[in-house]
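S.K.: pasted the sequence and its predicted model underneath.
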Protein chains: 2
Amino acid sequence: MRIGELSRRSGVPVPTIKFYVREGLLPAGELTSPNQARYGEGHERRLRLIRALLDVGGLPLSAIAEVLTSIDDPGQPVHEVLGVAANRITSAEAAEPGSAEEPGSAEAREEVAALLARRGWRVSEDNPAARSLAGVLAALHRAGHGGFAELLDVYADAAEPVAHADLDYVRRRVAREDLVESVVVGTVLGEAMFGALRRLAHVEASARAYGETGLAEGVGRP
Amino acid sequence: MRIGELSRRSGVPVPTIKFYVREGLLPAGELTSPNQARYGEGHERRLRLIRALLDVGGLPLSAIAEVLTSIDDPGQPVHEVLGVAANRITSAEAAEPGSAEEPGSAEAREEVAALLARRGWRVSEDNPAARSLAGVLAALHRAGHGGFAELLDVYADAAEPVAHADLDYVRRRVAREDLVESVVVGTVLGEAMFGALRRLAHVEASARAYGETGLAEGVGRP
C-alpha cells in the first residue's frame, strides 16, 4: 500500500509516519519509483505498537526505541522482550524502593516477602511490582493507615483471576509485536478499567449499606 | 501543644504549618501569649488530611481548600463531602467523556450502561467513574483491542469484594475528616496496591502456564 493508505488505516498522519521512519522507529517502505514507496502489513502493525506505547503506555520515544530494538533482535527471548516493555511501562508509576533509612520501608519489604511466601507466588522480591507494592505499604504506614494493609489478601484474591484472564488474552497472540502490544494495552488500560469498576462498585456497595442515599445517612453525620 | 511539637508529631515543617495557616487551610492556634500559640488534636488531624490530599491524592491547594470548606460546612451532608473529595481525586485521571463525534464513544457509553444494568449497580451513567470506564472502553476499541473489553465482567467480579472491603475500612471512621482521609487514601493507594498485586499475579500465572521461565518458552518464540 502507499503511505496515504497506511495513514488512513493506522490513523497516523503522513508527516508523523515520515518522522518515525527518519527516527528509525519504523522501517522505510520499499521504493517502487524514485519518489514512491510501498508499505506492508508489517508497517501497519509496527505503527499500531508505536501508538500503543506512546498514547497508552505514555513512553518517551527513547524508551519506545529500546523496546523496538529488543523486539527486532532475534536472539532475545520473548520473555526478555516482554520484561523490557513491562518494566518501561511500570517504572514511571512504580514507587521507589526506598532507602534503608526511610522509615517503614524495611518492614514493608518483609510484608511483601511474607505475602509472596503465603500465596506461593514465585516472584523475586526485586521485581519492580514487588518494590512498588512495598512502596505502597510503606506509604500506608507513614500516613497512619496501616490498617488498610490488612486488606492485602482481599486484594490479592481479586488480582489472581484478573491476572489469569489477562494472560489468556495475551496468549492468543503469536507475533512478538502483537504480544508486546497486548501486554502494554492490558497493563495500562486494564489498570484503568479495574480502577473505574472499583469506584463504581463503591457507589453500589455504599447504596446497599446505607440505602439509596449512600454514605449520607449511616456514617459520621454530625 | 506548641507548633514545634505539632511539627514533630505530624512530620510537617514549621514554616509549612505557618503557610497553611496563612492560606486558611489550617485554623490558627489559640494565642497563649503575644507570640505563642497552642495547637490541639484537631490541628494534627487536619494537617494529616492536608498531607493525604496533597501527597497521596495529588490535589492542588485550590482543590484541597474546596474539600476543607465542604468538611467545615455543618449543613453539608457527609455523602456530599465524600463526593467532592472523590470527584476531585479522580477527575485528574479520569478519561474525558469524549465528544459525541469521537469514534466509539457512544458505543462505549452503551456498553457501560449495559454493564450497570446487568450487574444491578445503582450508579448514574453521569458518574465520573462511569465516564472514565467508557473512556477506557473507547480507547480499547480504537487501539484494536476490543477483545480486552470482554474481560469486563471478570474485572467487575474482582472489583466487588474489593469495594466491600474498602467500604468496611471507611465505615470504621466516625469524624468527617477521618472519613474523607480514608476515602482519599483508600482510593489512591488502594488502586496502586491492586495494580502491583495484579502485576505480581501475572508473573506467577505466567510461571504456572509456561514453567519456571515464564512466557519465554510457550509463546511467540520465533
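M.R.: That came in fine, so what should we check first? Numbers count the residues shown, from 1 in each chain, chains lettered A, B, ... in the order given.
S.K.: what bits of chain A have low per-residue confidence?
M.R.: A:90-103, A:210-222 (pLDDT under 70).
S.K.: let me see the contact set for A:L116.
M.R.: A:V123, A:E125, A:A130, B:L200 (Cβ atoms under 8 Å, 6 or more residues apart in numbering or on different chains). From N, CA and C alone the C-beta is placed, and that goes for glycine too.
S.K.: spatially central residue for chain A, please.
M.R.: A:T187 (3.0 Å; Cα atoms, centre = their mean).
S.K.: quick check: longest helix of chain A.
M.R.: Determined from DSSP state H, the single longest helix within chain A is helix A:176-210.
S.K.: now it: buried residues?
M.R.: Using 16 or more other Cβ atoms under 10 Å in any protein chain shown as the test for burial, helix A:176-210 gives A:176-207, A:209-210.
S.K.: hey, where'd the helices end up in chain A?
M.R.: Using DSSP H, helices in chain A cover A:3-10, A:14-22, A:41-51, A:61-72, A:78-91, A:105-119, A:128-142, A:152-171, A:176-210, A:215-218.
S.K.: what about the fifth one and chain B, touching?
M.R.: In this case it means helix A:78-91. Yes: in terms of Cβ under 8 Å from any Cβ of the partner chain, part of helix A:78-91 sits within range of chain B, namely A:V78, A:H79, A:E80, A:L82, A:A86, A:T90.
S.K.: put the alpha carbons of that helix into PDB.
M.R.: What follows is helix A:78-91, C-alpha atoms only, in PDB (Å, rounded to 0.1, in the frame of the first residue of the first chain):
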ATOM      1  CA  VAL A  78      10.300 -13.300  24.200                       C
ATOM      2  CA  HIS A  79      10.100 -13.100  28.000                       C
ATOM      3  CA  GLU A  80      13.000 -10.700  28.000                       C
ATOM      4  CA  VAL A  81      11.300  -8.500  25.400                       C
ATOM      5  CA  LEU A  82       8.100  -8.500  27.500                       C
ATOM      6  CA  GLY A  83      10.200  -7.700  30.600                       C
ATOM      7  CA  VAL A  84      11.800  -4.700  28.800                       C
ATOM      8  CA  ALA A  85       8.300  -3.500  27.800                       C
ATOM      9  CA  ALA A  86       6.600  -4.200  31.200                       C
ATOM     10  CA  ASN A  87       9.400  -2.500  33.200                       C
ATOM     11  CA  ARG A  88       9.400   0.500  30.900                       C
ATOM     12  CA  ILE A  89       5.700   1.000  31.300                       C
ATOM     13  CA  THR A  90       5.600   0.500  35.100                       C
ATOM     14  CA  SER A  91       8.800   2.200  36.100                       C
END
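S.K.: give me the angle between it and helix A:128-142.
M.R.: 30 degrees (axes from the mean of the first three to the mean of the last three Cα atoms, to 10 degrees).
S.K.: picking up where we left off before, who's in contact with the residue nearest to the centre of chain A?
M.R.: A:G57, A:A86, A:I89, A:T90, B:R199.
S.K.: for the longest helix of chain A, the distance to its chain's centre please.
M.R.: Distance of helix A:176-210 from the chain centroid (Cα atoms, centre = their mean, to the nearest Å) equals 12 Å.
S.K.: thanks a lot, catch you later.
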